[in-house]
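Need coordinates for the below:
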Amino acid sequence: MYRFFRRFSAYNSNWQIGSVTAVFVIIAAILSALVSHSIFEMRRSADAMDDARAQKAAEVAVLSMGEKLAATVKDNAVWDDAYVAMDAPEAAAWAYENWGKTSEDYELYDGAVVTAGDRTVISAHWKGAAFDPFAVLGANFEQQILQANQSGANPVISFQRVGDALLLVGSLALQPYSDPVDREAFSILSFFKVISPDVIDRVSDEYQLRDLSLSFAKPASQMLVFTVKDINGETIAHLQWPRELPGTRVFHKVSGYLTAGLVLFALFLVGILVAGSLEAARLRRMAAREKWNATHDRLSGLLNRAGLLDVLRMRTRSSIGIRSLHLLDLDGFKQVNDAWGHAVGDELIIMVSRRLMTICPAGTTVARLGGDEFAILHGRDDAIAFSEHVIAEMAKPFDIGGRTIEIGASIGFAFADQGAEPLELLRRADMSLYQAKESGRGRAVEYSRALDEERDRLSSLEGQLRAAISSGAIRPVFQPVVSASSGHICGVEALARWQTPAGFVSPEVFIPLAERAGLIDALGMHILEQAVIAANAWTGLGLSVNVSPMQLCNPAFPSQVTDLLQREDFDPKRLTLEVTESVLMSNPETSRRAMETLRKVGVKFALDDFGCGYASIGALRQFGFERMKIDRSLVWASDDEGQGSGVLEATIALAVALKIPVTAEGVETSRQAQLLRSAGCQQLQGFLVGKPMSATELEMMMKYPEAVA
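The predicted structure follows:
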């Protein structure tokens, strides 16, 4: 299942990287297109600008030829002598001498024609030879003469085609220069210039129109053209020349560089894509590795809590459901760590992980949540049988480096309700596991609503306990301790009592609750303070107060006690702090330092409930207790037939041998008291001596010591 999860994550990552790569390629393509478009647009613009220049040059060239011919016609037509001569009998001779003869080799015109007002020809010469202008030039010439008669001082200029020749014709009425005359018809002077190849060449050179030519046919393709029209606006010829295309020529010159640049850009793009792909692959591997590290336990290789929650969320959303969640806690793992070290403990965790993977059926998900706690997602209905099987397998020995290590397991499991959130399922299984460990370990407990109800009850009780500590509702009571030989009261033990409106709450309930809720420091110091204040008035009487191992491990505890004793002016030598045997196992170094600090000011320590635990003689000597309190279970066992009295006597003998004074708890009968005296017990405590009582009741009791005796 987790393989599917990783595949899904990899697919999502690949999709993101592919999207980024696609965007990058698109951007690069757009940039390439923009650059290419800019280059081709510059090429096209340069070509178009040169085409426009050439077109304008051709237009100016034609206009310039017309202006030159117009100026020549005007210089000769607006002339007093010419005007008078045309009305004289020798007009033809005069016209020949001045114009016809000149046309033979004159640069400004190739022919000259003079017509009278009635359009009869006075003189007509082409290259010095006479000719019939109306026959050669045709109707367009006649039309031009008519227009010239009405144009005043402005020459009429037009192109006319004569066979395979193109003529530029200029006509103007002959008129005096000085005094204008009013006539209906003037004599008309016409000059024409043949547009010869030489003229075309001069225009080509002067106006930079390379390979300019004149054509009467349809212009060639890919050529620039200037259309020549006659006096009626009809096309009669074309001036054409090839396009210069400077942009294209420059482009062709730099095309090699552009191609090389394009290849380099393509190589650069490919390099970027390859490098990006490699980096993306590296990042995917790194992300996968980081994802694996974030969702797996490095020691065992199993899923960790985050990975388990991911799988739970995925399975609750998919069709692949789970039937139950099992939380497993190893019994005795701490002792393995303490006895053999953490290296052996780590090896044990690895072997437990492998064994779980071996015994779990296919499709089962196994995770390590931390420390010695594991989780199993089970997909079948046999949750109870499966839990019992796992417990049985965990009870089998482990062989680590030649050491045979035996541990156990406690399991709490919860069935996955329809739509149950992963965290809620984990909470239910965790509550079941806690109940399994509290009820004796080595067993499996199924979640039930009763566990929630108990949790709610304890949560409510915790709130009440917090308020009771703040308000001082929890008060000490005092149980007398008497000398076994004389029967006189030699001390008292302060015991915490909590009376609520609903009734009495047992210390066996609220003291463990205070330890779990982190309230034991406040509760313990409150009881100690109230006991010291009360016992301050009982001169010479010893005071014993129970101390939780958690208090003793608090670095501030020694200073809190010494500050209290100084503040209340209480003799430290009268105070005995009672601790249970668990202090010998949990944080022994911290506990020993705290005890040594308080011993320096005179406070004594007693080992409480001796005989019901696992204290060794070495531990007793190491901690150097000033007193040993025999557990009531040993005292009560002395009444049973068998070895009860022998065990009690042996326990007291051990304390005597270690030179540790002994106090017996739970003394209820004279027979028990006599047995304890005979065995060497120095002090007695129990209902036979006196029940736990208030300070007032204790003071009344001390007034009548004979009753106690």
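
In the stretch 151-300 of the chain, what residue spans correspond to strands?
156-162, 165-173, 188-194, 213-215, 223-229, 235-242 (DSSP state E, counting those that start in this stretch).

okay if I get those as a markdown table plus mean pLDDT and distance to Leu356?
Bear in mind the C-beta positions are built from the backbone N, C-alpha and C, glycine included. Output for the strands of the stretch 151-300 of the chain, formatted as a markdown table (pLDDT from 0 to 100; distance: least, Cβ to Cβ, whole Å):
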| stretch | mean pLDDT | distance to Leu356 |
| --- | --- | --- |
| strand 156-162 | 91 | 109 |
| strand 165-173 | 91 | 109 |
| strand 188-194 | 92 | 114 |
| strand 213-215 | 88 | 100 |
| strand 223-229 | 89 | 91 |
| strand 235-242 | 89 | 91 |
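
Just put these in TSV and tack on distance to Asp105 and mean neighbour count.
Formatted as TSV, these follow (distance: least, Cβ to Cβ, whole Å; neighbours: other Cβ atoms under 10 Å):
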stretch	distance to Asp105	mean neighbour count
strand 156-162	20	20
strand 165-173	17	24
strand 188-194	13	25
strand 213-215	22	16
strand 223-229	26	16
strand 235-242	25	18
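
right, and the ones you listed - which one's nearest Ala514?
Proximity to Ala514 (Cβ to Cβ) singles out strand 223-229 among the strands of the stretch 151-300 of the chain, at 106.8 Å.

by how many degrees do that closest one and strand 235-242 diverge?
160 degrees (axes from the mean of the first three to the mean of the last three Cα atoms, to 10 degrees).

other SSEs contacting strand 223-229?
helix 2-77, strand 235-242 (3 or more Cβ pairs under 8 Å, 6 or more residues apart in numbering; DSSP states H and E).

Can you list the neighbours in contact with the shortest one?
The contact list for strand 235-242, computed with Cβ atoms under 8 Å, 6 or more residues apart in numbering, reads 54, 58, 62, 159-161, 166, 200, 204, 209-216, 219-220, 222-230.

before we move on, the earlier item: among the strands of the stretch 151-300 of the chain, which comes closest to Met701?
Using Cβ to Cβ, the nearest of these to Met701 is strand 223-229, at 135.7 Å.

In the sheet, which strands lie alongside the longest strand along the chain, parallel or antiparallel?
Determined from DSSP state E, the single longest strand within the chain is strand 489-500. Here strand 489-500 is paired, per DSSP bridges, with strand 474-483 (antiparallel), strand 503-505 (antiparallel), strand 542-546 (parallel).

Just say helix, strand or coil for the residue of the chain most remote from its centre.
The outermost residue of the chain relative to its centre, with distances by Cα atoms, centre = their mean, is Pro89 at 112.5 Å. At Pro89, secondary structure determined by DSSP: H, G, I helix; E, B strand; the rest coil is coil.

Now it: phi and psi?
Reported as degrees, to the nearest 10, the phi and psi values for Pro89 are phi -60, psi -30.

Looking at the residue nearest the centre of the chain now. What's its pLDDT?
With distances taken as Cα atoms, centre = their mean, Ala287 lies nearest the centre of the chain, 11.2 Å away. Note on Ala287: pLDDT of 78.

Of all the strands of the stretch 151-300 of the chain, which one comes closest to Ile511?
Closest among the strands of the stretch 151-300 of the chain, using Cβ to Cβ: strand 223-229, at 111.4 Å.

Sheet partners, orientation included, of that closest one?
Paired neighbours of strand 223-229 in the sheet (DSSP bridges): strand 235-242 (antiparallel).

and the strand it pairs with, how far from the chain's centre?
72 Å (Cα atoms, centre = their mean, to the nearest Å).

Would you mind putting the CA coordinates of it into PDB?
Extracted C-alpha coordinates of strand 235-242, given in PDB (Å, rounded to 0.1, in the frame of the first residue of the first chain):
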ATOM      1  CA  THR A 235      -0.500  52.700 -70.000                       C
ATOM      2  CA  ILE A 236       1.800  52.700 -73.000                       C
ATOM      3  CA  ALA A 237       5.100  51.500 -71.500                       C
ATOM      4  CA  HIS A 238       6.900  50.500 -68.300                       C
ATOM      5  CA  LEU A 239      10.100  51.500 -66.700                       C
ATOM      6  CA  GLN A 240      11.400  48.500 -64.800                       C
ATOM      7  CA  TRP A 241      14.400  47.600 -62.700                       C
ATOM      8  CA  PRO A 242      15.300  44.700 -60.400                       C
END
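
relative to strand 165-173, how tilted is that strand?
120 degrees.

can you tell me how far Ser300 sits from Leu309?
17 Å (Cβ to Cβ, to the nearest Å).

Over to Val481?
54 Å.

Same drill for the two, tell me which one is more crowded.
The neighbour count for Val481 versus Leu309, taken as other Cβ atoms under 10 Å, is higher for Val481 (27 against 18).

Contact partners for the residue farthest from the centre of the chain?
Contacts of Pro89 by Cβ under 8 Å, 6+ apart: none found.

and stretch 388-403, which residues are buried?
Val390, Ile391, Met394, Phe398, Ile400 (16 or more other Cβ atoms under 10 Å).

now stretch 667-682
Result for stretch 667-682 [16+ other Cβ under 10 Å]: buried residues Val667, Gln672, Ala673, Leu675, Leu676, Ala679, Cys681, Gln682.

thought the fourth one was touching Trp636?
Spelled out, it's Leu675. No. Leu675 is not in contact with Trp636 according to Cβ atoms under 8 Å; the separation is 11.6 Å.

hey, what's in contact with both of the two?
With Cβ under 8 Å, 6+ apart as the test, Leu675 and Trp636 reach no residue in common.

I'd like to know how far Arg592 sits from Asp521.
Taking Cβ to Cβ, one finds Arg592 at 19 Å from Asp521.

Likewise for Gly472?
Counting by Cβ to Cβ, the gap from Gly472 to Asp521 is 16 Å.

what does Lys68 give?
Lys68 is 121 Å from Asp521, by Cβ to Cβ.

same thing with Asp182?
Distance of Asp182 to Asp521, given as Cβ to Cβ: 138 Å.

all helices for the stretch 501-650 of the chain, in order.
507-517, 520-535, 549-552, 557-568, 588-599, 617-623, 632-637, 644-657 (DSSP state H, counting those that start in this stretch).

which outside residues touch the shortest one?
Residues outside helix 549-552 that contact it (Cβ under 8 Å, 6+ apart) are 515, 520-521, 524-525, 557, 579-580, 582-583, 586-587, 590-591, 594-595.

Using CSV, write out every CA atom in it.
The C-alpha trace of helix 549-552 is given here as CSV (Å, rounded to 0.1, in the frame of the first residue of the first chain):
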residue,chain,number,x,y,z
PRO,A,549,10.1,9.2,43.1
MET,A,550,9.1,11.9,40.6
GLN,A,551,9.5,14.6,43.3
LEU,A,552,12.9,13.2,44.2
